[in-house]
Structures are given as structure tokens and as C-alpha cells.
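Asks: From the sequence below, what's the structure:
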Amino acid sequence: MAKASKTKKPAPKKPKKKASPAVHSGSGRPIETVQPYLEKMPRKFYEKELSRLQLELAKLQYWVKATENKVVVIFEGRDAAGKGGVIKRITQYLNPRVCRIVALPKPTEREITQWYFQRYVPHLPAAGEIVIMDRSWYNRAGVERVMGFCTEEQVEKFFHSCPKFERTLVDSGIILVKYWFSVSDEEQEKRFQARNNEPIKRWKLGFIDIESRSRWVEYSRAKDEMLARTDIPEAPWHVVISDVKRRARLNCIRHLLDSIPYEDLTPPPHKLEPRPPAGAYECPPYPPQKFVKDYY
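Replies: Take a look at the predicted model:
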């Protein structure tokens with residue numbers, strides 16, 4: 001009697017690849033194809049690569065200072081898209097006298113009556129400086145337009161003037177790099193909820209952020225037109241897909257470094273001679289209340 005053949009167990013189904021959300025235009029059509037991330041980026045790799053890139057940023061800083069170049073990096077994008085996190089990692093080890101962050105509040109009554117670009121001009125870099133703009137003159141084409149803080153006529157004037165203004169900056173010798181941070185509506189809402197639930201981050205969730213939750217399509221359409229009408233060869237837009245923070249940070253920093261033809265002009269270490277003896281010095285007595293309590 002023949003032995004009954006063993007039935008083969010069905011092969012386990014492979015988990016479906018979970019694709020990252022596509023970036024959509026205001027009409028709902030995907031405008032970019034985003035490749036799925038099959039694995040979470042290991043923290044050790046992220047930290048090691050971030051340290052390597054931050055060392056390169058230090059070299060960029062030395063180069064800008066030594067060659068007296070002028071650099072402006074504009075960060076625009078959705079609320080909670082991760083702009084602040086990237087800016088923090090870029091500036092973490094840089095000299096604030098060389099690399100400074102510009103994040104202007106809403107304009108004053110006087111500034112509203114000025115030429116639109118006027119309040120940004122004093123913050124442009126001098127020789128040997130890097131300026132990181134956490135939002136910029138593109139407020140007019142984005143939040144001001146969507147929230148009704150300006151007229152459509154003012155928006156049209158902005159689109160007419162902005163390319164000319166940026167060409168003038170580039171012609172003057174400024175290296176201008178522009179980033180738009182794109183985040184899906186699902187991920188943005190997740191980050192809004194996290195900010196609202198954490199007191200240490202709640203300050204990040206302001207009136208404009210809350211209003212933007214119900215104006216996704218309006219912001220999308222405004223963004224589409226802004227990118228189309230202000231993308232010029234002298235200062236093109238670069239879109240950063242930022243649903244995954246670690247990847248967005250590394251991708252943006254690496255792209256910035258690749259966009260500027262810097263050289264390694266790191267100065268050699270200083271020769272530190274032995275310190276001379278302190279000599280005859282006695283610290284004068286201070287009353288106990290002058291000292292901070294030893295809490296720890």
C-alpha cells in the first residue's frame with residue numbers, strides 16, 4: 001500500500017509593501033511618485049550619517065567665511081512638515097555669528113505699508129555669512145493668500161516681482177537655495193495631534209496651524225501655483241518628501257552640501273602652550289545667597 005504523500009504547507013504570504021503616500025496636487029492627481037520605504041532607518045545609521053554630514057556643514061561654514069561668500073537657504077512647506085527639525089540639525093554645531101536663523105513674526109502696521117520685500121532685505125547675509133530663513137517672502141503666496149491676509153492683486157504683483165527680486169540677489173553674488181517640505185495630510189494630522197498632547201511642544205500649534213487643518217486643498221492649490229511661477233533657473237525649487245523625519249533630514253542636508261561647491265578650508269588645530277601658573281590670587285568671600293542652590 002503506497003504511503004500517503006505529505007501535503008505541502010502553503011508558503012507564508014509575503015507582507016505587502018506599504019508605499020509612502022504620493023504627493024498630490026490640489027486637483028487630487030499625484031504629481032510625484034514616492035518609492036516605498038521597506039525598512040525603518042536604524043537609529044545608529046541615522047546618527048552616524050548625521051554626524052558625518054554635520055562635519056561637512058562645518059567645512060562649508062569655514063569655506064563661506066574664508067571666501068566671503070553669501071548664502072541664503074529658504075525653508076518653506078506645510079505646517080508640521082519638519083522644517084524646524086532640519087534647521088536645528090544644520091545649525092547645531094555652527095557658529096551663530098556665521099550661520100544665523102531668520103524667523104520673522106507677522107508684519108507690523110508700518111511694515112505692511114512698505115515695499116513687500118523690504119522687511120526681508122536687512123536680514124540678507126553680508127560677506128562670509130549664511131542665513132537660514134524659516135519661512136520667507138513666500139508667505140505672500142502661501143499663508144497670506146490662503147488665510148485672506150492679502151488681496152489677489154497683491155499676490156499677482158508678488159508673482160511678477162519675486163523672480164526679478166531673486167535674480168537680483170543671485171546677480172549680487174548670493175547663493176540662493178530653496179526647499180519646499182511636503183508632508184501628507186495623514187502624517188500632518190498625526191503630528192498636530194502629538195503637538196497638542198505634549199505641553200513641551202504645544203507652542204508649535206498656533207492659530208494658523210489649526211486653521212490649516214481645514215484648508216488642505218486651498219494650501220495645495222496655492223503651493224502648486226507658487227512652485228510653478230517662482231521656479232527659475234537661477235533659484236529653482238527643491239521638494240523634500242518629509243513623511244519620514246530621519247530620511248528627510250539626511251536627504252535635505254546632503255542635497256544642500258551637494259548644491260554648494262565648497263572646499264575643505266578647515267583651519268589646523270591651535271597650538272596651545274602650557275598655561276602659566278595662576279599666581280598669587282585669592283577669591284574674595286561671597287555671601288552664601290549669591291550661589292545657586294545645589295539642587296542636584
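Asks: so V64 touches R97, yeah?
Replies: No: counting by C-beta atoms under 8 Å, R97 is not a contact partner of V64; they are 11.9 Å apart. For the C-beta atoms, the positions are set from N, CA and C on the backbone; glycine is no exception.
Asks: The longest helix belonging to the chain: how far from the chain's middle?
Replies: In the chain, ranked by residue count with DSSP state H as the criterion, the top helix is helix 43-67. Chain-centre distance of helix 43-67: 16 Å, with C-alpha atoms, centre = their mean, to the nearest Å.
Asks: Which neighbouring elements make contact with that helix?
Replies: Where contact means 3 or more C-beta pairs under 8 Å, 6 or more residues apart in numbering; DSSP states H and E, helix 43-67 is packed against helix 83-91, strand 129-134, helix 245-259.
Asks: Need these in TSV (columns: distance to Y295 and mean pLDDT).
Replies: Output for the helices and strands packed on helix 43-67, formatted as TSV (distance: least, C-beta to C-beta, whole Å; pLDDT from 0 to 100):
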stretch	distance to Y295	mean pLDDT
helix 83-91	27	97
strand 129-134	34	98
helix 245-259	34	97
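Asks: and the ones you listed as CSV, adding mean neighbour count and distance to L265?
Replies: Below are those laid out as CSV (neighbours: other C-beta atoms under 10 Å; distance: least, C-beta to C-beta, whole Å):
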stretch, mean neighbour count, distance to L265
helix 83-91, 19, 19
strand 129-134, 20, 14
helix 245-259, 17, 14
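Asks: And for T151, the neighbour number?
Replies: T151: 11 surrounding residues under other C-beta atoms under 10 Å.
Asks: For stretch 41-60, buried residues please.
Replies: For stretch 41-60, the neighbour count (16 or more other C-beta atoms under 10 Å) marks Y46, E49, L50, L53, Q54, E56, L57, L60 as buried.
Asks: should've said stretch 155-172
Replies: V155, F158, C162, F165, E166, L169.
Asks: Could I get the contacting residues of the first one?
Replies: When you say that, I think you mean V155. Applying C-beta atoms under 8 Å, 6 or more residues apart in numbering to V155 gives the contacts R140, A141, E144, R145.
Asks: out of the residues you listed, which one sits closest to L250?
Replies: Taking C-beta to C-beta as the measure, L250 lies nearest A141 of the contacts of V155, at 28.1 Å.
Asks: ok so, going back, what's the most distant pair in the buried residues of stretch 155-172?
Replies: Taking C-beta to C-beta as the measure, the buried residues of stretch 155-172 span a maximum distance of 20.7 Å, between V155 and L169.
Asks: Now I101. Its backbone dihedrals?
Replies: phi -100, psi 130 (degrees, to the nearest 10).
Asks: I figured it hits D134, correct?
Replies: Yes: counting by C-beta under 8 Å, D134 is a contact partner of I101 at 5.9 Å.
Asks: Could you check how far the residue nearest the centre of the chain is from C252?
Replies: With distances taken as C-alpha atoms, centre = their mean, K83 lies nearest the centre of the chain, 3.2 Å away. Separation of K83 from C252 (C-beta to C-beta, to the nearest Å) stands at 9 Å.
Asks: Overlap in contacts, these two.
Replies: The contact sets of K83 and C252 overlap at Y179 (C-beta under 8 Å, 6+ apart).
Asks: if we can go back for a sec, tell me, what's touching I101 and D134 both at once?
Replies: By C-beta under 8 Å, 6+ apart, I101 and D134 have these common neighbours: I87.
Asks: mind listing the helices for the chain?
Replies: Going by DSSP H, the chain shows helices at 43-67, 83-91, 109-112, 143-146, 152-171, 185-197, 207-212, 216-230, 245-259.
Asks: Make CSV out of those and add distance to R275.
Replies: Formatted as CSV, these follow (distance: least, C-beta to C-beta, whole Å):
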stretch, distance to R275
helix 43-67, 27
helix 83-91, 32
helix 109-112, 51
helix 143-146, 54
helix 152-171, 47
helix 185-197, 48
helix 207-212, 52
helix 216-230, 56
helix 245-259, 38
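Asks: Would you mind measuring from F149 to Y138?
Replies: 13 Å.
Asks: what about the two, which has more around it?
Replies: Ranked by neighbour count (other C-beta under 10 Å), F149 and Y138 place Y138 first, with 23 against 15.
Asks: Now for the more buried one: which residues touch it?
Replies: Per C-beta under 8 Å, 6+ apart, neighbours of Y138: I74, E76, C162, M226, T230.
Asks: Appreciated, that's everything.
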